[in-house]
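Peer 1: model the structure of this input:
(one chain, ligands or ions: 1)
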Amino acid sequence: MASITVSTDSAMQEITTKELADKLTLPYSALNPDQIQLVITRRHIEIRAPDLGSPIFIDFEQGKNAHRRQFGGGRGQPLAKAIGLKKGATPTVIDATAGFGRDAFVLANLGCKITLIERNPIIAVLLDDALQRATDNPEIQQVITRMSLINQDAITYLSQLKQNRPDVIYMDPMYPSREKSALVKKDMRLLHELAGPDTDSEQLLTTARKVALKRVVVKRPKSASFVGKQKPTTSIESKNTRYDIYLAK
Ligand SMILES: C[S@@+](CC[C@H](N)C(=O)[O-])C[C@H]1O[C@@H](n2cnc3c(N)ncnc32)[C@H](O)[C@@H]1O
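Peer 2: Below is the predicted model of the structure:
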């Protein structure tokens with residue numbers, strides 16, 4: 001994981017910031033534009049990094065998430081079809097690789113109860129902060145109540161799951177070559193820098209297939225190989241993305 005310090009731009013937040021640094025066992029530091037920093041501001045928690053341009057924080061209320069909520073295509077969009085959303089069928093979902101929570105937010109918005117699992121503690125802090133802020137927004141309050149976050153490794157979580165098995169397990173592991181492409185968006189590059197490549201996606205898929213009641217869905221770049229060479233039952237393709245679907249036996 002990239003080296004990172006915790007800071008604040010507000011004197012009022014100093015104690016909270018030091019507590020967060022302790023919780024994450026990361027150093028507390030003054031603002032420093034040469035470092036990657038998790039910064040508590042008065043409005044939200046964000047990541048600042050050299051070469052990043054504007055800071056990155058997760059926002060379910062405005063920007064891309066809000067746009068996708070309004071214009072993303074509803075239950076007809078490939079992600080919704082892949083997880084099996086139909087009229088009268090709204091599966092429960094575990095998103096085993098929550099990341100910035102974008103896909104999970106789409107599914108919650110379409111009515112799914114979804115558990116977001118994220119193992120990286122910094123990304124989990126950003127997600128938690130975004131969920132808490134959105135709870136106060138009457139427009140999406142209902143959607144947010146369908147989302148719950150767990151900061152744990154999904155392989156461990158799924159292996160220990162005794163009850164409440166989900167209908168669907170969704171996974172979107174970090175693809176190694178994502179960082180190399182000039183087309184890769186800066187938030188995805190940052191995610192890659194913070195979390196590193198996901199080298200255990202094959203094990204995650206194997207575990208998920210034992211747990212999901214109806215299906216496992218794996219999001220891949222369109223031309224990528226199958227995770228662990230495990231051939232899916234079927235796939236759904238969109239412009240740059242492929243959803244590999246493994247139906248439960
Ligand atoms: C490509 S991102 C997911 C992006 C996400 N689908 C979105 O819409 O924002 C992959 C994320 O999965 C997390 N991850 C990968 N393997 C995991 C595992 N076994 N358990 C929990 N989190 C995992 C990584 O830390 C990273 O944040």
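
Peer 1: so the protein: which segments form each domain?
Peer 2: 5-48, 63-247 (automatic domain parsing).

Peer 1: rank the ones you listed by mean pLDDT and give me the bottom one.
Peer 2: Mean pLDDT values for those show the minimum at domain 63-247, a mean of 91.

Peer 1: about what we covered before: among the domains of the chain, which is nearest the ligand?
Peer 2: For the ligand, the closest of the domains of the chain is domain 63-247, at 2.5 Å, according to Cβ to the nearest ligand atom. In short, each C-beta sits where N, CA and C put it, glycine included.

Peer 1: next, the distance between the ends of the closest one.
Peer 2: 34 Å (Cα to Cα, to the nearest Å).

Peer 1: C-terminal to the helix ranked longest in the chain, what's the next element?
Peer 2: Longest helix of the chain, by residue count under DSSP state H: helix 121-135. Remark: after helix 121-135, the chain's next helix or strand is helix 141-145, criterion DSSP states H and E.

Peer 1: next one: that following helix to chain centre, how far?
Peer 2: 17 Å (Cα atoms, centre = their mean, to the nearest Å).

Peer 1: against which helices or strands is that helix packed?
Peer 2: Counting contacts by 3 or more Cβ pairs under 8 Å, 6 or more residues apart in numbering; DSSP states H and E, helix 141-145 packs against helix 102-109, helix 121-135.

Peer 1: restricting to C-alpha, output the longest helix of the chain in PDB.
Peer 2: Taking C-alpha atoms only, helix 121-135 is exported to PDB below (Å, rounded to 0.1, in the frame of the first residue of the first chain):
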ATOM      1  CA  PRO A 121      -9.100   0.700   5.500                       C
ATOM      2  CA  ILE A 122      -8.600   4.100   3.800                       C
ATOM      3  CA  ILE A 123     -11.100   3.400   1.100                       C
ATOM      4  CA  ALA A 124     -13.500   2.100   3.800                       C
ATOM      5  CA  VAL A 125     -13.100   5.400   5.600                       C
ATOM      6  CA  LEU A 126     -13.900   7.400   2.400                       C
ATOM      7  CA  LEU A 127     -16.900   5.200   1.800                       C
ATOM      8  CA  ASP A 128     -18.200   5.400   5.400                       C
ATOM      9  CA  ASP A 129     -17.900   9.200   5.300                       C
ATOM     10  CA  ALA A 130     -19.900   9.400   2.000                       C
ATOM     11  CA  LEU A 131     -22.600   7.100   3.400                       C
ATOM     12  CA  GLN A 132     -22.900   9.100   6.500                       C
ATOM     13  CA  ARG A 133     -23.200  12.400   4.700                       C
ATOM     14  CA  ALA A 134     -25.800  11.000   2.300                       C
ATOM     15  CA  THR A 135     -27.900   9.800   5.200                       C
END
